[in-house]
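Student: Sequence plus predicted model, see below.
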Amino acid sequence: MGFDRAAARCSKADMTKLFTVLILVAMVIHIVKPLGLPGLRRRADFWKLAVLALVAISLTAALSHWA
């Protein structure tokens, strides 16, 4: 029995969904207990994670249409 590489691959849509869920989880965790990273020391800074996610997902979508 060999390793099936095709079954182990994730599509771009799957990666985008996974990234979105990870950012949402990070936002919830940050509201409960701030992450303490530079620029993310207060609970009110959770919106910065949302902006980062929007930029990253937009960049991913733009790059996928060029390829």
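Tutor: Now that the structure is in, tell me what you want to look at.
Student: confidence score at residue 32?
Tutor: Per-residue pLDDT puts residue 32 at 89.
Student: Report the central residue of this protein.
Tutor: residue 19 (3.0 Å; Cα atoms, centre = their mean).
Student: other SSEs contacting the strand or helix carrying it?
Tutor: In the assignment (DSSP states H and E), residue 19 maps to helix 12-32. On a contact count with 3 or more Cβ pairs under 8 Å, 6 or more residues apart in numbering; DSSP states H and E, helix 12-32 meets helix 46-66. To be clear about C-beta, it is placed using only N, CA and C from the backbone, and glycine gets the same treatment.
Student: Could you list the low-pLDDT ranges of the chain?
Tutor: Applying pLDDT under 70 to the chain picks out residues 1-10, 12, 67.
Student: Please repeat the previous calculation with a cut-off of 90.
Tutor: 1-50, 52-67 (pLDDT under 90).
Student: quick one: contacts for the residue nearest to the centre of the chain?
Tutor: 53, 56, 57, 60 (Cβ atoms under 8 Å, 6 or more residues apart in numbering).
Student: which of the residues you listed are buried?
Tutor: When those are checked for burial by 16 or more other Cβ atoms under 10 Å, the buried set is residue 53.
Student: now the contacts of residue 19 in JSON lines, with distance to residue 26?
Tutor: JSON lines is the format used below for these (distance: Cβ to Cβ, whole Å):
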{"residue": "53", "distance to residue 26": "9"}
{"residue": "56", "distance to residue 26": "12"}
{"residue": "57", "distance to residue 26": "14"}
{"residue": "60", "distance to residue 26": "17"}
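Student: I am finished for the moment; much appreciated.
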